[in-house]
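Peer 1: fold the following for me, if possible:
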Amino acid sequence: MLARVRRWGMLAAGWFFVALGIAGLFLPILQGILFILIGLLILSSEYVWAHRLLARVKQRFPKLAERAHAASQSTHSWLHRSTSRLRALAAVLQHARLQERKLVGGNNAHPDSRQRLHPD
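Peer 2: Just a heads-up that it's a prediction; the model follows:
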């Protein structure tokens, strides 16, 4: 389920950046080529045609390819750190929830424990 949501999110983000790039080709305030390339980078993990198109761009513009690779590595490490922190936070919250359940409804809990933990 999570993999499916992630895939759809990546596809939506990729197509969003491509559409933003196309709009940027006509609007002076947006960098059209940049957004198209970002969208193709995202879509290249799902579509062969996007991967091939990026390969052609890398051959034609090697310096741009080096900079894009460096940005990709930086983004990958940032995402890895962020997801690791989110997983740690989720584990702490789950542990806290389990501890609260033990205090409120456990066999060894004081009969008035619900009233002491949650004064209403």
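
Peer 1: point me to the residue sitting closest to the centre of the protein.
Peer 2: Nearest residue to the geometric centre of the chain (CA atoms, centre = their mean): residue 79, 6.6 Å.

Peer 1: counting by contacts, list what the helix or strand hosting it packs against.
Peer 2: With the criterion set as DSSP states H and E, the secondary-structure element containing residue 79 is helix 62-105. Using 3 or more CB pairs under 8 Å, 6 or more residues apart in numbering; DSSP states H and E as the contact criterion, the secondary-structure elements in contact with helix 62-105 are helix 32-43, helix 48-60, helix 113-117. For every residue, glycine as well, the C-beta is placed using N, CA and C.

Peer 1: the ones you listed: which one's closest to residue 96?
Peer 2: Checking these against residue 96 by CB to CB gives helix 113-117 as the closest, at 12.6 Å.

Peer 1: per-residue confidence averaged over the closest one?
Peer 2: The pLDDT scores in helix 113-117 average 50.

Peer 1: and for stretch 89-109?
Peer 2: Computed over stretch 89-109, the mean pLDDT rounds to 74.

Peer 1: and it, how far out from the chain middle?
Peer 2: The chain centroid and the centroid of stretch 89-109 are separated by 29 Å under CA atoms, centre = their mean, to the nearest Å.
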